[in-house]
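>>> next one to model:
(chains A and B)
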Amino acid sequence: MGWAGIGRLVVFALLVAFLTMPDAFAFVFEPLTENNAPAIYNQGSLWSLTVSHLTIVFGAGLASTVLAVALGIFVTRPSGLEFLPLSRSLVNIGQTFPPIAVLAVAVPLVGFGEAPTFIALFLYGLLPIFENTLGGLTQVPPLTLDAARGMGMGPTRRLFSVELPLALPVILAGIRLSIIINLGTATIGSTVAAKGLGEVIIAGLQSNNLAFVLQGGLVVALLAVLIHGLMGGIERFALRRLGGERGGALA
Amino acid sequence: MIAPARDRGGPIRPDGDVVVGSGVDRLGALVAMMIGVGLLAVPLVTYRANRIVAGDTRSVMEALPLVGAVGLIVALVAIAGIAVLVRQPPLRLAAAAIGMALLFPAIGWAASYLTPPGNTFARVSPAAGFWLIGLALALLLADCLTRLRFGPWERLASLALAFALLAVLLASGSWNDVSLVREYAGRAESFWREGRQHLFLALGSLSAAILIGFPLGVLCHRARILKGATLQVLNIIQTIPSIALFGILMVPLGYLAAVSPLAHALGIRGIGAAPALVALFLYSLLPVVANTVVGLDQVAAPVVDAARGMGLSRRQQLFQVKLPLAFPIILTGIRIVLVQNLGLATVAALIGGGGLGTFIFQGIGQTAMDLVLLGAIPIVAMAFAAAVVLDAVVDLASGVRP
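Now for the predicted structure:
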C-alpha cells in the first residue's frame, strides 16, 4: 500500500469517527459559531443523513448505469447504428442542462422529496456513462473483432467476451465520474426536501451557522475523495485483468 | 447541432446513414408515435383559475377553436408521415421546422382562447402534449442537423435563426396569455436584472480564471513539479459540492470585509456576489489550467525542434509556435468552463448572490412551476447557445473547413 492508500485509510477512519460521535469534534467547529449556536448539526443524525445521501446517489447511479450501458450497446449494434449520430448529439445537448434546472423541473411532475432528486441524478448521471460506453465500445480495434469472428464467435459472444471486457475500464471511468458529480449534486436535492447531507449545509446557510456549512461540505468532499480512490482501484484491477499494455493506452 | 471537435475523427465503424431494412425510418416511427400520443392521449395545455391552484387539462380539441384544432392535427399528422416515409434530410428538416413554427403559436392561441377576456388571474400553461410533440420535433430536428453535418458558420446561422424566431414569437405578443410570459410580465425588471447578474457571475469568474489560469498553465507546462501538485489541488476543489463551497467561502470573505475597510468598500461581503464569484472562479481553474497544459504538452517534438533550429528563443517558441498550436484545446477548456459556470451560477441565489437561480428557488418555495421555468429556460438557452457558439469557434480555430 502506498502513501495514497494510507492517507485514504486515515481519511476513512476520521470520517467514520466524525459520523458516529460528532460531538467529540465539537471543539474544531466551535470557533466558527456565533451567539452560542450549536457547533454540531443537531436536527438529525449525521450518520443517517450520510446513509440516505449515499443511498440516493448509488441508487440513481445504478439505474443510470443499466440504462446508459444498454443504450450504448444498442447504438453500436448493426440494428441500432442509425441512432448513433443522433445519440451523440443528444448527449452533447444534454450536458448543457444544469442539474438544478433538471431538479427544479422534476418537482412539479413528481412532488417534493427524494423522487425529484433521484430523477435529476439519474438523468444527469446518464451522460458520462453513455459517452464512455460509446467511447469504449467504438475503440475496440476492428482487427480484434475480426479475430473473434474468425474464431467462430457469434455477435452475442463477441459482445460479452471481447467488446465489453475491453471497454470495461473506460465504462468504469464513466461510472466513477458520474458518481462523483452526483455526490455534489445530491446536496442541492435538499432544497426540495430530500434527505441528505445538503440538509446540513442549507440549515447552516439559513441560520448563518458556518460550522454546519463546513461540516456538511467536508463530509461530502471526503466521501468524494474516498469513493474516487476506491473506484480508481477497481478500474486499475479491471485494467490489470486485460494484461496492462493495452490498458495503459485506454486510461 | 453540436458536433464537438473530438467527434471529427469519427468512430472506427461506419457512421450514420446506414439504411436498414424496409423504407420505414425507425427514428421517424418513434417521432410519429410521440406526435400521435401527444395529440390524442395527453392534454395539450393546463388551465388554472390562478397561479397556485391545481389546474384541469384541455386536449387539442378543447384548447383551440375547431378550425385551429383540426388544422394543427392535420399539419402534425402530415409531418409525422414525412418523418416516417421521407428520407432526405433537408425535407425532414423543413417539416420539423414548420412543425415548431406551428406548435409554438398554437399554444399562444390556445392561451388567448381559453383565458376569459379581462381575466388576469387565470393561467394557461403548456402540458404533456406540448412537451411531447415539442420533444418529437426537436429529435427530428437534431437528427437532420446531425446528418447534414453543418460546418461552423452554418451552425452559428441556425442558432441565430432559432433565437430570431423565438424573439419574433415573444415580441409579436402571441404568447402574452401563456402563464410563463405572465409570470415574466409581473417581474420584467427583476428578470433582466437577475439575467445580467447571472451573466456577470458566469463571465466574470471565467475572465478571472483565464487571467490566472492561463499563465498558471504555461508555468505548469514549464515546471513539471508544479504541474502535479497544482492539478491535484484543483481536482480536489472540483469534488467539493457547489453549495458547500459557496458557503465555506463566506468565512474568509466575511472576515476580510470585517478587518479591511478597503475590501468592504469594494463590495466584498461574506454573503452575496463575492463568494459566488470566487467559488465559480475556483471551479473554472481546473479546465483552463489542465487544457492549457495538455495543449502545450501535445505539440509534437519535431515541431519544437524545428523552431529551435530556426533560432527561436524559448519565449518565441512558446508564443509563435506552441500557443497557436495549443489554441483549439485551450478554447475547448474555456467552452467547458462557460457552460459549467452558466449552470452553477444558479446556486449563487442560495447565498444572496442573485442570478436567475433566484426565480428557480422562489418557484420551488411557492410550488409555482412557471416561476421555476422562468429561471430555468433562460439558463438552459444560454448554456446551449454558449456550447454551440464555442464549438463553432473551436472548429474555426482548428481549421475545419465549413
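
>>> tell me the residues of the stretch 151-251 of chain A that contact chain B?
Residues of the stretch 151-251 of chain A lying close to chain B (C-beta under 8 Å from any C-beta of the partner chain) are A:180, A:183-188, A:191-192, A:198, A:201-202, A:204-205, A:210, A:213-214, A:216-218, A:220-221, A:224-225, A:228. (Glycine included, C-beta is placed from N, CA and C.)

>>> out of these, which are inside helices?
Using DSSP state H, the subset of those located in helices is A:180, A:183-188, A:198, A:201-202, A:204-205, A:210, A:213-214, A:216-218, A:220-221, A:224-225, A:228.

>>> for stretch B:138-148, buried residues please.
For stretch B:138-148, burial by neighbour count (16 or more other C-beta atoms under 10 Å in any protein chain shown) applies to B:Ala138, B:Leu139, B:Leu140, B:Leu141, B:Ala142, B:Asp143, B:Cys144, B:Leu145, B:Thr146, B:Arg147.

>>> phi first, then psi, for B:Ser125.
Main-chain torsions, B:Ser125, degrees, to the nearest 10: phi -120, psi 150.

>>> test my guess that it contacts B:Asp370.
Yes - taking C-beta atoms under 8 Å as the definition, B:Ser125 is a contact partner of B:Asp370 at 6.0 Å.

>>> which neighbours do those two share?
B:Ser179, B:Leu180 (C-beta atoms under 8 Å, 6 or more residues apart in numbering or on different chains).

>>> just the CA atoms of the helix or strand that contains B:Ala69, as CSV, please.
Element membership of B:Ala69, judged by DSSP states H and E, is helix B:66-85. Extracted in CSV, the C-alpha atoms of helix B:66-85 (Å, rounded to 0.1, in the frame of the first residue of the first chain):
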residue,chain,number,x,y,z
LEU,B,66,-62.4,23.9,-34.2
VAL,B,67,-60.6,25.2,-37.3
GLY,B,68,-57.4,25.7,-35.4
ALA,B,69,-57.5,22.3,-33.7
VAL,B,70,-58.3,20.4,-37.0
GLY,B,71,-55.6,22.4,-38.8
LEU,B,72,-53.0,21.7,-36.2
ILE,B,73,-53.8,18.0,-36.1
VAL,B,74,-53.7,17.7,-40.0
ALA,B,75,-50.4,19.5,-40.1
LEU,B,76,-48.8,17.5,-37.4
VAL,B,77,-50.0,14.2,-38.9
ALA,B,78,-48.6,15.2,-42.2
ILE,B,79,-45.2,16.0,-40.5
ALA,B,80,-45.4,12.6,-38.8
GLY,B,81,-45.9,11.0,-42.2
ILE,B,82,-42.9,12.8,-43.6
ALA,B,83,-40.8,11.7,-40.6
VAL,B,84,-41.7,8.0,-41.3
LEU,B,85,-41.6,7.9,-45.1
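
>>> which residues touch that helix?
Contacts of helix B:66-85 (C-beta under 8 Å, 6+ apart): B:23-25, B:27-29, B:31-32, B:35-36, B:39, B:60-61, B:63-64, B:91-92, B:95-96, B:98-99, B:102-103, B:106, B:109, B:113, B:133, B:137, B:140.

>>> who's in contact with B:Leu234?
Taking C-beta under 8 Å, 6+ apart as the test, what B:Leu234 contacts is B:Leu285, B:Leu286, B:Val289, B:Ala290.

>>> list the buried residues in the one helix or strand it maps to.
For B:Leu234, the element it lies in under DSSP H and E is helix B:224-239. If you call a residue buried by 16+ other C-beta under 10 Å, then helix B:224-239 has these buried ones: B:Lys227, B:Thr230, B:Leu231, B:Leu234, B:Gln238, B:Thr239.

>>> the strands in the stretch 51-200 of chain B, which residues?
B:56-58, B:123-126 (DSSP state E, counting those that start in this stretch).

>>> so where's chain B uncertain?
Along chain B, the parts satisfying pLDDT under 70 run over B:1-23, B:266-270, B:400-402.

>>> okay, now whichever residue of the stretch 101-250 of chain A sits closest to chain B: neighbour count?
Per C-beta to the nearest C-beta, the residue of the stretch 101-250 of chain A with the smallest distance to chain B is A:Gly217, at 2.5 Å. With neighbours defined by other C-beta atoms under 10 Å in any protein chain shown, the count for A:Gly217 comes to 26.

>>> same thing with A:Phe237?
Neighbours around A:Phe237, by other C-beta under 10 Å: 11.

>>> report the contact partners of it.
Listed by C-beta under 8 Å, 6+ apart, A:Phe237 has no contact partners.

>>> host element of it?
In the assignment (DSSP H and E), A:Phe237 maps to helix A:210-242.

>>> for that helix, buried residues please.
Buried, per 16+ other C-beta under 10 Å, within helix A:210-242: A:210-225, A:227-228, A:231, A:235, A:238-239.

>>> what of stretch B:326-342?
Those buried within stretch B:326-342 under the rule 16+ other C-beta under 10 Å are B:326, B:328-342.

>>> so which of those reach chain A?
B:Val339, B:Leu342.

>>> out of the buried residues of stretch B:326-342, name the ones that lie in helices.
Those of the buried residues of stretch B:326-342 lying in helices (DSSP H): B:326, B:328-342.

>>> still on that earlier bit, nearest to chain A, of the contacts of B:Leu234?
The closest of those, once distances to chain A are taken by C-beta to the nearest C-beta, is B:Leu286, at 13.0 Å.

>>> can you tell me how far the closest residue to that closest one other than its chain neighbours is from A:Thr187?
Sequence neighbours aside, B:Leu234 is the residue nearest to B:Leu286 in space, at 4.0 Å (criterion: C-beta to C-beta, 6 or more residues apart in numbering or on different chains). Distance, B:Leu234 to A:Thr187, using C-beta to C-beta, to the nearest Å: 20 Å.

>>> and for B:Lys322?
40 Å.

>>> more neighbours: these two, which one.
A:Thr187 (29 against 22).

>>> can you get me a residue count around the residue lying closest to the more buried one once chain neighbours are set aside?
What sits nearest to A:Thr187 in space, not counting adjacent residues and going by C-beta to C-beta, 6+ apart, is A:Gly198, at 3.4 Å. Using other C-beta under 10 Å, A:Gly198 has 27 neighbouring residues.
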